[in-house]
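# Here you go, sequence then predicted model.
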Protein chains: 2
Amino acid sequence: MQVAIVVYPGFTALDVVGPYEVLGRLPDADVVFVAEQPGSVGNDLMSLSLDVTAGLADVPHPDVVLIGGGPGQADQMSDGPLHAWLREVDRTSSWTVSVCTGSLILAAAGLLGGRRATTHWLAMEELPRLGVAPVNERVVFDGHYATAAGVSAGIDLALTLAGLLADDVTAQMVQLIIEYAPRPPYDAGSVATAPAAVIDRAINRLAAPSPASGT
Amino acid sequence: MQVAIVVYPGFTALDVVGPYEVLGRLPDADVVFVAEQPGSVGNDLMSLSLDVTAGLADVPHPDVVLIGGGPGQADQMSDGPLHAWLREVDRTSSWTVSVCTGSLILAAAGLLGGRRATTHWLAMEELPRLGVAPVNERVVFDGHYATAAGVSAGIDLALTLAGLLADDVTAQMVQLIIEYAPRPPYDAGSVATAPAAVIDRAINRLAAPSPASGT
């Protein structure tokens, strides 16, 4: 089972590495990072680079396609080789999935029309503009599409997907291997629970010029 | 504030990328990945490589030092340049921290003697052999050392540390930016809650030859 994880300049590292750490541990998983421009692909914070060897043409028929978000998403919204590849691989993929603002790229490529989907909380209003029904849930499944909320939500999506791709015991095995029994020291991980001052700070921070943002 | 994140061949990606995504978003953070052999450093699953530009000598005085775990940890237990560097930077660091079996490397370098610490659940018995008091908690602070349990526990450690390095509102802002309101679809992330069959599968999997394991 081949899992293709798409990255591009300005991607958010945890968006892709969270799901990678889960899906990469499924017994028959062959995970490949893929980029339109292979080589060293730098992230949003400009202090992490992935060494990507596969280009789009090298991965014509992945079983699972995953694309993450990040400030660099804004540069991936125009039609071109990435969108064409996404449309093509989606025709044969078992699952086409996104984390954070990766769903905006899938939508811009024409894949989520009329579907229910989610994205980073601060980008939710972009989904209806792209013809997608926004859903305020952490992980949303619709057809063979699955979308996760911001950044860390990709781990929850991947564990759910692992149960579907393999079975519950295998998914739980992966959860135990990565010791995913989260205990956040604060309860500010969603706008439903974060104090107003924290929400304001986050909005201001994400509106600041890169590298500093994180949607 | 400089944060040095140490990687080595066979590291587990989420061990370092989880905390990176938190600490890298602190307003004055300058994060640098460092390796004894800079260049492309491959992970445990052999499908992800970080492009690391800094060698040990390039980072003489980090404020925070973080080392993760992974099957490659076993090759980092002998005294040598990494241990010497860890001992040296620890003299001036504000915090020296580990995720997963990274604590075994800190201990082997002589930094955790007599301290309380944690590690991946399957490696816990290694700590007393190295003169360290094992603590079955997700994040353990002792002096200027902080250690996290397996893989994903590094996110919880980093958020706690963010509150100490900056302040609670800043740490909560980061939590909201990465939308860290975890909702695992299973409750198998610790040996305290995982079914016996799941624990057996994980132990067998982690005992298998790489690439497949994950401590």
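Everything's here; your move. Residues are numbered from 1 along each chain as shown, chains lettered A, B, ... in the order given.

# Any idea what the spatially most central residue of chain A is bridged to?
When chain A is reduced to its mean C-alpha position, the nearest residue by C-alpha atoms, centre = their mean turns out to be A:Val99, at 2.1 Å. Beta bridges link A:Val99 to A:Ala148, judged by DSSP bridges.

# give the contact list for it.
A:15-16, A:18-19, A:66-69, A:147-148, A:151, A:153-154, A:157 (C-beta atoms under 8 Å, 6 or more residues apart in numbering or on different chains). (C-beta placed from N, C-alpha, C; glycine too.)

# roughly how far apart are A:Trp95 and chain B?
With distances defined as C-beta to the nearest C-beta, to the nearest Å, the gap from A:Trp95 to chain B amounts to 15 Å.

# so that residue sits right up against A:Pro62, yeah?
No - counting by C-beta atoms under 8 Å, A:Trp95 sits too far from A:Pro62 to count as a contact (9.5 Å).

# Keeping just the C-alphas, turn the lowest-mean-pLDDT helix or strand in chain A into PDB.
Least confident element among the helices and strands of chain A, by mean pLDDT, DSSP states H and E: helix A:196-207 (a mean of 95). Coordinates of the C-alpha atoms in helix A:196-207 are reproduced here as PDB (Å, rounded to 0.1, in the frame of the first residue of the first chain):
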ATOM      1  CA  ALA A 196     -10.500  35.400  24.300                       C
ATOM      2  CA  ALA A 197      -7.000  36.900  24.900                       C
ATOM      3  CA  VAL A 198      -5.400  33.700  23.500                       C
ATOM      4  CA  ILE A 199      -7.600  33.700  20.400                       C
ATOM      5  CA  ASP A 200      -6.700  37.400  19.800                       C
ATOM      6  CA  ARG A 201      -3.000  36.600  20.100                       C
ATOM      7  CA  ALA A 202      -3.200  33.700  17.800                       C
ATOM      8  CA  ILE A 203      -5.100  35.700  15.100                       C
ATOM      9  CA  ASN A 204      -2.600  38.500  15.300                       C
ATOM     10  CA  ARG A 205       0.300  36.000  15.100                       C
ATOM     11  CA  LEU A 206      -1.100  34.200  12.100                       C
ATOM     12  CA  ALA A 207      -1.700  37.500  10.300                       C
END
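
# returning to that earlier point: just to be sure, which of the contacts of A:Val99 are found in strands?
Here DSSP state E is the test, and the contacts of A:Val99 give A:Leu66, A:Ile67, A:Thr147, A:Ala148 as lying in strands.

# what's the neighbour count on A:Ala199?
Check again: residue A:199 is Ile, not Ala. Applying the criterion other C-beta atoms under 10 Å in any protein chain shown, we find 18 residues in the vicinity of A:Ile199.

# From B:Leu23, how far out is it?
A:Ile199 sits at a distance of 21 Å from B:Leu23 (criterion: C-beta to C-beta, to the nearest Å).

# A:Ala207 now?
Taking C-beta to C-beta, one finds A:Ala207 at 21 Å from B:Leu23.

# more crowded one of these two?
The residue with the greater number of neighbours, taking A:Ala207 and B:Leu23 and applying other C-beta under 10 Å, is B:Leu23; the counts read 26 against 11.

# before we move on, the earlier item: higher neighbour count, A:Trp95 and A:Pro62?
Under the neighbour definition other C-beta under 10 Å, A:Trp95 and A:Pro62 were set side by side, and A:Pro62 has more, 24 against 20.

# Secondary structure element for the more buried one, which one?
Remark: A:Pro62 resides in no helix or strand, with elements defined by DSSP states H and E.

# List phi and psi for the residue nearest to it when sequence neighbours are not counted.
The shortest distance from A:Pro62 to any residue that is not its chain neighbour, by C-beta to C-beta, 6 or more residues apart in numbering or on different chains, is 3.6 Å, and that residue is A:Ala4. Main-chain dihedrals, A:Ala4, degrees, to the nearest 10: phi -100, psi 130.

# Pull the contacting residues for A:Ala4.
Contacts here follow C-beta under 8 Å, 6+ apart; on that basis A:Ala4 touches A:Val31, A:Val32, A:Phe33, A:Val34, A:Ala54, A:Val59, A:Pro62, A:Val64, A:Val65, A:Leu66, A:Val89.

# And those residues, which of them are buried?
A:Val31, A:Val32, A:Phe33, A:Val34, A:Val59, A:Pro62, A:Val64, A:Val65, A:Leu66, A:Val89 (16 or more other C-beta atoms under 10 Å in any protein chain shown).

# The last one: what's it in contact with?
By that I understand A:Val89. Under the criterion of C-beta under 8 Å, 6+ apart, the contact partners of A:Val89 comprise A:Ala4, A:Val59, A:Pro60, A:His61, A:Pro62, A:Val65, A:Thr96.

# Would you quantify the distance from it to chain B?
Distance from A:Val89 to chain B, counting by C-beta to the nearest C-beta: 18 Å.

# shaky segments in chain A?
Low-confidence segments of chain A, defined by pLDDT under 70: A:209-215.

# Please enumerate the helices of it.
With DSSP state H as the criterion, chain A has helices at A:13-23, A:81-90, A:102-108, A:126-129, A:153-165, A:168-177, A:196-207.

# and the last one, what does it pack onto?
Think helix A:196-207. In this structure, helix A:196-207 packs against helix B:168-177, with contacts taken as 3 or more C-beta pairs under 8 Å, 6 or more residues apart in numbering or on different chains; DSSP states H and E.

# Does the helix it packs on reach chain A?
Yes - contact between helix B:168-177 and chain A, assessed by C-beta under 8 Å from any C-beta of the partner chain, occurs at B:Asp168, B:Val169, B:Thr170, B:Ala171, B:Gln172, B:Met173, B:Gln175, B:Leu176, B:Ile177.

# The fifth one and A:Ala188 touch, don't they?
Read it as B:Gln172. Yes - taking contacts as C-beta under 8 Å, B:Gln172 lies within contact range of A:Ala188: 3.6 Å.

# Between the two, which has more neighbouring residues?
Under the neighbour definition other C-beta under 10 Å, B:Gln172 and A:Ala188 were set side by side, and B:Gln172 has more, 28 against 25.

# re the thing from before, ok, of the contacts of A:Ala4, which one's closest to chain B?
Relative to chain B, the closest of the contacts of A:Ala4 is A:Val31; by C-beta to the nearest C-beta it sits at 4.6 Å.

# Pretty sure that closest one sits against B:Leu45.
Yes - between A:Val31 and B:Leu45 a contact is recorded at 7.2 Å, counting by C-beta under 8 Å.

# list residues touching both of those two?
Common contacts of A:Val31 and B:Leu45 (C-beta under 8 Å, 6+ apart): A:Gly24.
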